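>>> model this:
(one chain, ligands or ions: 1)
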Amino acid sequence: MISKLLKGNKEFVRDIFNVEHLERFAKGQHPHTCWIGCSDSRVPENLITGTGDGELFVHRNIANIIPAHQTEEGAVLEYAVEVLHVKQIVLCGHYGCGGLTELLHGVDHRTHIGHWLRHGEEALHRLQKRPGFHDLPRDEALNLLVEENLHLQRSNALSYPFVRQAVKNHDLQIHLLIYDLQTGRLHKLEERAH
Ligand SMILES: [Zn+2]
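Numbering: from 1, shown residues only. Here you go, the predicted model:
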């Protein structure tokens, strides 16, 4: 499969890469958005948002998670906000998320995936307290978990003092988006007061 990637790169160099690229990026990068998305191969951020290289500073992981501040895993946020001064953080989840499906079904905390998904468990716990949640069909429950996880990750992002300060100063916005694999559409999730 590596030959497919290298062949693709040859085509990129031949058809797309040009002097304009060199000039545009010679002095570094100035992305407007920090994109936190899921690693899922079906959610390619540039393609689904019509953006190009240089626009998005990207971090993708299973279930688009931002561990809370105390875990000291905020390098991506720190670089995006403190060094690149991005104007917005987009947290993008998607329906049908495999990571959150695992969380819904019960994870084995001894695995790497299970250990990682503990950063999303609070979202599940919140939903489990809602009347009727346990009676919902699995896909509906998963949709709610995808949404609740985004609210949780927004709070986690705001647990970093430099993020909180930038938002307070109106230098930074945080947006929650959900990608629908069935329609290709992104929709914006309304933020809750925090
Ligand atoms: Zn996912």
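>>> So what touches the longest helix along the chain?
When the chain is parsed with DSSP state H, its longest helix is helix 138-158. The contact list for helix 138-158 (C-beta atoms under 8 Å, 6 or more residues apart in numbering) reads 36, 63-69, 77, 89, 91, 93-97, 100-101, 103-104, 119-120, 122-124, 126-127, 133, 136, 163-164, 167, 174, 176, 178, 189, 191-192, 194. Heads up, the C-betas are built off the backbone N, CA and C, glycines and all.
>>> which is the next helix or strand following the lowest-mean-pLDDT helix or strand in the chain?
Lowest on mean pLDDT, DSSP states H and E among the helices and strands of the chain sits helix 19-25, with a mean of 83. Downstream of helix 19-25, the first helix or strand assigned by DSSP states H and E is strand 33-38.
>>> Is the ion within reach of that next one?
Yes - on the criterion C-beta under 5 Å from the ion, strand 33-38 is in touch with the ion at residue 38.
>>> just stretch 179-186 next, same as before
No - Stretch 179-186 stays clear of the ion (C-beta under 5 Å from the ion), getting no nearer than 9.3 Å.
>>> same check, this time on stretch 142-154
No - Stretch 142-154 lies apart from the ion when judged by C-beta under 5 Å from the ion; the minimum separation is 8.3 Å.
>>> so for that stretch, what's the average pLDDT?
Stretch 142-154 carries an average pLDDT of 98.
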